[in-house]
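> generate a structure from the sequence data that follows.
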Amino acid sequence: LNATLRATDSATYNATLRATLRATLRATDSAGLGGSLACYAIAGQTGLEAANKWSSVYQGGAYWAGYECYLSAARDILGLRLPEHEKYSAWERCAIAAPFRVMHEKFCIVSDFPEVLRVDDQNRPHCEDGPSHRWRDGWSLYHWHGVEIPAEWIEDKANLTPQIALKWENVEQRRAACEILGWERILSELKAKVIDEDEDPQVGTLVEVNLPDAGKERFLRVVCGTGRKFALPVPRTVNSALQAQAWTWGLETNEFSKPEIRT
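Numbering: from 1, shown residues only. Below is the predicted model:
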């Protein structure tokens, strides 16, 4: 749960920040100005200082549940009842009712809960065929095993190419793009060096490639029982295809035996 909340919090914060910056840039472009001079011309010194402090009115509500649980547990589980709990009760009700909010003396912006929230088996935001988060107004976030990614990588996969993936600047997003495409397709674009090849194609071939900005990585290329080809990332310390295959099962090499029949 904490991983999902942290990723949601971070992604929403970053997306809001990007939207604010884009709006500012559009305003400066239309004014024919650029950089901090344009911001100053539009907002003035007071405006710049206020913009710099905007996050002080940003609160997580239900998505900052850890602290709320701490205060509520002290009251409800430990029996600690203080006069401050009377004032806290309003804050608690707001935390239960909604997640993110921006509170100001003159206005309050409150976000609804997302109508879609999907996670992987480690509870990280993740969805392979749509947004990991979607709100009722259509605003969405896309994640791949906890990494925020561009929407088009999911919604328009046909235009995601190995060239785009391998040259993507952000390393974590680059790895996500490679996983979306499939490492077998990525390796077909690279000059993979064979480290070890087992006689059984279902055990596979251990290869090593040099990924841009990531250095040397090793993969086990295998053929499954259905005849499909896959490439699985394995540790750099793996030195044989059999050892790599054992590692994928969480076993030592001497504990792994080749199955006679695979389905």
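
> in the lengthiest strand in the chain, what's buried?
Taking DSSP state E as the criterion, the chain has its longest strand at strand 215-223. Buried residues in strand 215-223, counted by 16 or more other CB atoms under 10 Å: 217, 218, 219, 220, 221, 222, 223. Heads up, the C-betas are built off the backbone N, CA and C, glycines and all.

> find the nearest non-adjacent residue to the first one, please.
To tie it back to what came earlier, the one meant is residue 217. residue 211 (5.3 Å; CB to CB, 6 or more residues apart in numbering).

> how many other residues sit next to that neighbour?
15 (other CB atoms under 10 Å).

> partner residues bridging it?
For residue 211, the beta-bridge partners are residue 215 (DSSP bridges).

> swap in residue 234?
Here residue 234 sits in beta bridges with residue 218, as judged by DSSP bridges.

> can you get me a residue count around it?
With other CB under 10 Å as criterion, residue 234 counts 20.

> hang on, the earlier thing: am I right that the residue nearest to residue 217 is in contact with residue 166?
Yes: with contact defined as CB atoms under 8 Å, residue 211 and residue 166 form a contacting pair (7.3 Å).

> need the overlap of contacts for those two.
residue 190 (CB atoms under 8 Å, 6 or more residues apart in numbering).

> now do the same end-to-end measure for stretch 176-194.
End-to-end distance of stretch 176-194 (CA to CA, to the nearest Å): 24 Å.

> contacting residues around it?
Contacts for stretch 176-194 (CB under 8 Å, 6+ apart): 128, 144-145, 147, 149, 153-154, 157, 160-166, 168, 205-211, 219, 221, 229-233.

> ok, which stretches of this protein are strands?
Ranges of strands within the chain are 58-59, 101-103, 108-110, 116-117, 133-134, 140-141, 143-144, 147-148, 193-197, 205-211, 215-223, 229-234, based on DSSP E.

> filter the contacts of stretch 176-194 down to the buried ones.
Looks like the contacts of stretch 176-194 have 144-145, 147, 149, 153-154, 160, 162, 165-166, 168, 205-207, 209, 219, 221, 231-232 buried, using 16+ other CB under 10 Å.

> report the angle between the longest strand of the chain and strand 229-234.
Going by axes from the mean of the first three to the mean of the last three CA atoms, to 10 degrees, strand 215-223 is angled at 140 degrees with respect to strand 229-234.

> starting at the chain centroid, how far to strand 215-223?
Strand 215-223 sits 23 Å away from the centroid of its parent chain (CA atoms, centre = their mean, to the nearest Å).

> before we move on, the earlier item: for the buried residues of strand 215-223, which one is nearest residue 238?
Nearest to residue 238 among the buried residues of strand 215-223 is residue 218, at 5.9 Å by CB to CB.
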